[in-house]
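Student: pasted the sequence and its predicted model underneath.
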Amino acid sequence: MRARFHLILTVGLVAMVAPLMFVLPSPAQQGTKRLIMKDGSYQVTTKWEIQGDRVHYFSAERNEWEDVPNSLVDWQATDQYEKDRAAGKMSPEAIQLEKELQEQRAEDELRSPHVAPGLRLPEEGGVYALDTYLTEPQLVPLDQTGGEVNRHTGHNVLRGVINPVAGSKHTIELPGANSKLQIHSTLPTIYIDLDAGQPEDQPESAKKPASELPWDRFRIVRAQVKSDKRIMGEIKIAVYGKASQEEQIIPADAEQLGEGWIKLTPKAPLQPGEYAVAELLGKQGMNSYVWDFGVHPEAPANMSVIKPETSQKKSPEPLDDTEKLKKRE
């Protein structure tokens, strides 16, 4: 009786597991694949989905979702390629292509590191805050704002030789009580490209190559809101003309990431309020050009954000079946 029970149990388990064997992806369906077209060209992809009369695939070469009419895909050739690959019948050309793609992906990761699943920094650089809105990670691009220096007309401040007035005070001010960009996470991570330290319209005399400046020169600064202004720093000029600057710097950890990126993480959650990413210039003090943002968990959604790739699916524009993909050279 016990032996019969074990036999029934074993048969039942096999019956339950067997269908899963046909559902789980085979090794050939992992990594890069070829989506072969009827004209002989192909797209190197990591995955695809059939959506009605079109195929929605993720390009391994361009790292973005693209669409092609289903009628242009040679599914027989595509399936045969995957079968040959799974059986170890890949041609030398295919093996070389796989190697080149792996090297390319490693280079892409250095220039455009992933900061969350499906979310990576853009290659063109900039300053971004990693936010979470409605449980979804987002990259919020921070705009650079030129702070007005009260009683001072220079772009880069804290130069005591420019109109020094003994015992005077100057303040770096941003217009408006709130930044137009509001972060919802109280512990946002800031990502900064080294080449984004100076605005394009700044005088040549005020610019320095990023290589000549310390990589960890960026700080998170708390703004003091007064009336309709945000005060980012206060300059004090002594009787002998020496300038000093005071700002409320938030403790944060800085580390280098990839090629040219800096990761700035607050050591403790930020209190609701107004902040900015500032560039410290050593003896010159703080650059009056800052990247401002606020922290308010209940703020509405930001308009211009970078979302994870899986969340960027849009209804594709109608495609003409006569369109042809450009053949690989």
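Tutor: Yep, it's here.
Student: any idea which element residue 297 lies in?
Tutor: Using DSSP states H and E, residue 297 sits within no helix or strand.
Student: tell me who's in contact with it.
Tutor: Contact analysis of residue 297 by CB atoms under 8 Å, 6 or more residues apart in numbering lists 184, 185, 186, 272. Heads up, the C-betas are built off the backbone N, CA and C, glycines and all.
Student: ok, of those, which one's closest to residue 63?
Tutor: Using CB to CB, residue 185 comes nearest to residue 63 of the contacts of residue 297, at 25.1 Å.
Student: list the contacts of that closest one.
Tutor: 130, 131, 132, 295, 297.
Student: wasn't the second one part of a strand?
Tutor: Read that as residue 131. Yes: if the criterion is DSSP: H, G, I helix; E, B strand; the rest coil, then residue 131 is within a strand.
Student: what's the neighbour count on it?
Tutor: The tally of other residues near residue 131 (other CB atoms under 10 Å) stands at 22.
Student: so how do I select the buried members of the contacts of residue 297 in PyMOL?
Tutor: The PyMOL selection below is limited to those of the contacts of residue 297 classed as buried (16 or more other CB atoms under 10 Å):
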select buried, resi 184+185
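Student: could the contacts of residue 297 go into CSV alongside pLDDT, secondary structure and distance to residue 175?
Tutor: CSV is the format used below for the contacts of residue 297 (pLDDT from 0 to 100; DSSP: H, G, I helix; E, B strand; the rest coil; distance: CB to CB, whole Å):
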residue, pLDDT, secondary structure, distance to residue 175
184, 98, coil, 23
185, 98, coil, 25
186, 97, coil, 25
272, 98, coil, 20
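Student: do a quick rundown of the helices in this protein.
Tutor: Applying DSSP state H to the chain gives helices spanning 2-23, 75-86, 92-111.
Student: rank those by pLDDT, which is bottom?
Tutor: Here the helices of the chain differ in mean pLDDT, and the lowest is helix 2-23 at a mean of 42.
Student: domains in the chain, by residue range?
Tutor: By the record's domain assignment, the chain is partitioned as 2-111, 119-309 (automatic domain parsing).
Student: mean pLDDT lowest for which of these?
Tutor: Looking at the domains of the chain, the lowest mean pLDDT belongs to domain 2-111 (a mean of 72).
Student: residue 289: which of the contacts of residue 185 is nearest?
Tutor: Using CB to CB, residue 295 comes nearest to residue 289 of the contacts of residue 185, at 20.7 Å.
Student: I'd say the closest one and residue 273 touch.
Tutor: Yes: between residue 295 and residue 273 a contact is recorded at 6.2 Å, counting by CB atoms under 8 Å.
Student: what's the separation between residue 134 and residue 185?
Tutor: Distance from residue 134 to residue 185, counting by CB to CB, to the nearest Å: 12 Å.
Student: now do residue 191
Tutor: Taking CB to CB, one finds residue 191 at 14 Å from residue 185.
Student: do residue 174 as well
Tutor: For residue 174, the distance to residue 185 - CB to CB - is 22 Å.
Student: and the contacts of stretch 96-114?
Tutor: With CB under 8 Å, 6+ apart as the criterion, stretch 96-114 contacts 31-32, 44, 60-61, 63, 90, 120-123, 257-261.
Student: what do residue 191 and residue 185 both touch?
Tutor: Taking CB under 8 Å, 6+ apart as the contact rule, residue 191 and residue 185 both touch residue 130.
Student: give me phi/psi at residue 142?
Tutor: Here is the backbone geometry of residue 142 (degrees, to the nearest 10): phi -90, psi 130.
Student: next up, the contacts around it.
Tutor: Going by CB under 8 Å, 6+ apart, residue 142 touches 126, 127, 128, 129, 181, 190, 277, 291, 292, 293.
Student: ok, for it, nearest residue in space, not its chain neighbours?
Tutor: residue 291 (3.9 Å; CB to CB, 6 or more residues apart in numbering).
Student: and if you look at residue 73?
Tutor: Residue 73's closest residue in space is residue 55 (CB to CB, 6+ apart), at 5.8 Å.
Student: just to revisit the earlier point, need the contacts of residue 297 in JSON lines (columns: distance to residue 76).
Tutor: Formatted as JSON lines, the contacts of residue 297 follow (distance: CB to CB, whole Å):
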{"residue": "184", "distance to residue 76": "49"}
{"residue": "185", "distance to residue 76": "49"}
{"residue": "186", "distance to residue 76": "54"}
{"residue": "272", "distance to residue 76": "59"}
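Student: which two among the contacts of residue 297 are spaced furthest apart?
Tutor: 185 and 272 (11.6 Å).
Student: now do the shared contacts for those two.
Tutor: Going by CB under 8 Å, 6+ apart, residues that sit against residue 185 and also against residue 272 are 295, 297.
Student: about what we covered before: list just the nearest of the contacts of residue 142 to residue 80.
Tutor: Out of the contacts of residue 142, the member with the shortest distance to residue 80 (by CB to CB) is residue 128, at 43.2 Å.
Student: the closest one pairs with what?
Tutor: Beta-bridge partners of residue 128, counted by DSSP bridges, are residue 141, residue 191.
Student: contacts only, for it.
Tutor: So residue 128 contacts 121, 139, 140, 141, 142, 190, 191, 306 (CB under 8 Å, 6+ apart).
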